[in-house]
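In: how does the following fold in three dimensions:
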Amino acid sequence: MPSDRKPKRKTYFIVAGEASGDLHGARLIAAMKKRSPNIHFVGHGGDKMLKEGLEILYHTDQLGIMGFSEIIKHIPFFIKALSVTMENIALIKPERIILIDYPGFNLRLAKKCKHLSIPVSYFILPQLWAWKENRIKVFHKAIDQSLCIFPFEQSWFEKRGVFANYVGHPFTEISSPRLSKPEFYQKHGIREKKKILTLIPGSRQQEIDKMWTIYYNAAIKIQESYDIEIVVAKSSGITLPKTDGFRIEKKDIYGAMVHATAAITTSGTASLECAVLDTPQVVCYKLSKVSGLIAKHMNRAPFISMPNLIAEKQVVREFVQNDVNVTNITKAVLPLLSDSVERKKMLQDFEQIRRSLGLPGVYERAAKSIINKSNNG
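Out: Reported below is the predicted structural model:
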């Protein structure tokens, strides 16, 4: 006779500390539940993971802090968050811990969890090839499964004694915009043939505080030379101090990217999203003075933006720290608004980048690997 006993529910503890990690975490949770419905997730994430059933402890809005001096100010909070995390993991005794990017917190957590003998999967590996290579020691001691999203990462980690499984890049299955171009234009009251410059200022308030005034003034300056509309792709949880005359898009972020002629982008996942969606861009990043000096000293990567790192050459113009100014941004953006040599070359390079990202099905492959690893030990 068939047994009436239900299989024991398995719990996974998952950690995503930023908005981009929330998206990847949500899709990974969905893929894992599809493969194995009788599983439960507890941990840190954002609204998207919450919708997929995450029992949340800390929200990404609380955890998403960047920069050395900025993090120093919040050390007491992170010490407490790490302590609370450890207490919950010890209490829950999850089947496995899943870490998504966010290395400052996640690698410390992995080290602290070593004595609990709970296996750890890392999806979207820290960019150790750019800086802090010595963190590879944590992988040797505390990470038993590494899932990478760039082909070059697999060989980099394996040359240093860490087996890495390349599952492809999540942006091979990037979502379509919610609205068609005519619908998007109608929503924002933009004339059909008018071009759009989209500002993508970032998902953290500290990024807004450092760069928004520059972005705003650069956009106004560009408007003086080119008849365009300005759209702002606004993340939840941030406040923009001044947006006079700009269209604000909160829901259809990909629409704000794909329907734009060009974009001014804060370095992060948005720069690769623009490349995948074929939107020419200029990429910027600005930390506090102290954090900027530390980053310059420690960072061994030749670029800050993912399109350039993947292509291993300058595909998009980058401006960092004091170079993030109205003059530089304006000069770099203007050629991208017309059918220029600069625009054509960038679009050609974007095509090569897309080809290098692998095939769709990333989350399904990652989910299968994690569940198989859990079942087989």
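In: quick one: low-confidence ranges for the stretch 201-350 of the chain?
Out: In the predicted model, the stretch 201-350 of the chain carries pLDDT under 70 at residues 288-302.
In: same question, the stretch 51-200 of the chain
Out: Applying pLDDT under 70 to the predicted model, the residue ranges of the stretch 51-200 of the chain that meet it are 65-73.
In: can you give me the strands in it?
Out: 55-59, 96-100, 120-123, 145-148, 164-166, 195-200 (DSSP state E, counting those that start in this stretch).
In: okay if I get these as JSON lines plus mean neighbour count?
Out: In this view, the C-beta of every residue, glycine as well, is placed from N, C-alpha and C. Conversion of the strands of the stretch 51-200 of the chain to JSON lines gives the following (neighbours: other CB atoms under 10 Å):
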{"stretch": "strand 55-59", "mean neighbour count": "17"}
{"stretch": "strand 96-100", "mean neighbour count": "25"}
{"stretch": "strand 120-123", "mean neighbour count": "25"}
{"stretch": "strand 145-148", "mean neighbour count": "22"}
{"stretch": "strand 164-166", "mean neighbour count": "18"}
{"stretch": "strand 195-200", "mean neighbour count": "24"}
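In: tell me how far the nearest residue to residue 157 once chain neighbours are set aside lies from residue 369.
Out: Here the nearest residue to residue 157 in space, its sequence neighbours aside, is residue 164; by CB to CB, 6 or more residues apart in numbering that works out to 4.1 Å. Residue 164 sits 11 Å away from residue 369, going by CB to CB, to the nearest Å.
In: re the thing from before, tell me who's in contact with the residue nearest to residue 157.
Out: If a contact means CB atoms under 8 Å, 6 or more residues apart in numbering, then residue 164 has 125, 146, 147, 148, 153, 154, 157, 158 as its contacts.
In: isn't residue 46 right next to residue 58, touching?
Out: No: under the criterion of CB atoms under 8 Å, residue 46 makes no contact with residue 58, lying 10.0 Å away.
In: dump the residue contacts of the residue nearest to residue 88 when sequence neighbours are not counted.
Out: Once its chain neighbours are removed from consideration, residue 88 has its nearest residue in residue 57; the separation is 6.2 Å (CB to CB, 6+ apart). Contacts for residue 57 (CB under 8 Å, 6+ apart) come out as 42, 43, 44, 84, 85, 88.
In: likewise residue 23?
Out: 48, 170 are the contacts of residue 23 under CB under 8 Å, 6+ apart.
In: could I get the average pLDDT for whatever helix or strand it lives in?
Out: Residue 23 is part of helix 19-35, with elements assigned from DSSP states H and E. In this model, helix 19-35 has an average pLDDT of 94.
In: tell me the buried residues in that helix?
Out: The neighbour-count check on helix 19-35 (16 or more other CB atoms under 10 Å) flags 19-33 as buried.
In: equivalent analysis for stretch 357-372, please.
Out: Neighbour counts over stretch 357-372 (16+ other CB under 10 Å) mark 357, 358, 362, 363, 364, 365, 366, 367, 368, 369, 370, 371 as buried.
In: what does stretch 250-266 give?
Out: Burial within stretch 250-266, assessed by neighbour count using 16+ other CB under 10 Å, is assigned to 252-266.
In: closest to residue 346 among the residues you listed?
Out: For those, the minimum distance to residue 346 (CB to CB) is 9.4 Å, reached by residue 262.
In: OK, contacts around that closest one?
Out: For residue 262, the residues meeting the contact criterion (CB under 8 Å, 6+ apart) are 197, 198, 279, 280, 281, 282, 333, 336, 337, 343.
In: got the angle for whichever helix in the chain runs longest vs strand 195-200?
Out: The helix spanning the most residues in the chain, taking DSSP state H as the definition, is helix 205-225. Interaxial angle of helix 205-225 relative to strand 195-200 (axes from the mean of the first three to the mean of the last three CA atoms, to 10 degrees): 160 degrees.
In: give the pairing partners of the helix or strand following helix 205-225; include direction for each.
Out: Scanning forward in sequence from helix 205-225 by DSSP H and E, the next helix or strand is strand 228-233. The pairing partners recorded for strand 228-233 under DSSP bridges are strand 195-200 (parallel), strand 247-249 (parallel).
In: quick one: buried residues of the last one?
Out: By neighbour count on 16+ other CB under 10 Å, the buried set for strand 247-249 is 247, 249.
In: quick one: it to chain centroid distance?
Out: Relative to the chain's own centre, strand 247-249 is displaced by 21 Å; criterion: CA atoms, centre = their mean, to the nearest Å.
In: quick one, what contacts the closest residue to residue 271 other than its chain neighbours?
Out: Beyond its immediate neighbours in the sequence, the residue positioned closest to residue 271 (CB to CB, 6+ apart) is residue 305, lying 4.4 Å away. In this structure, residue 305 makes contact with 265, 267, 271, 272, 283, 316, 318, judged by CB under 8 Å, 6+ apart.
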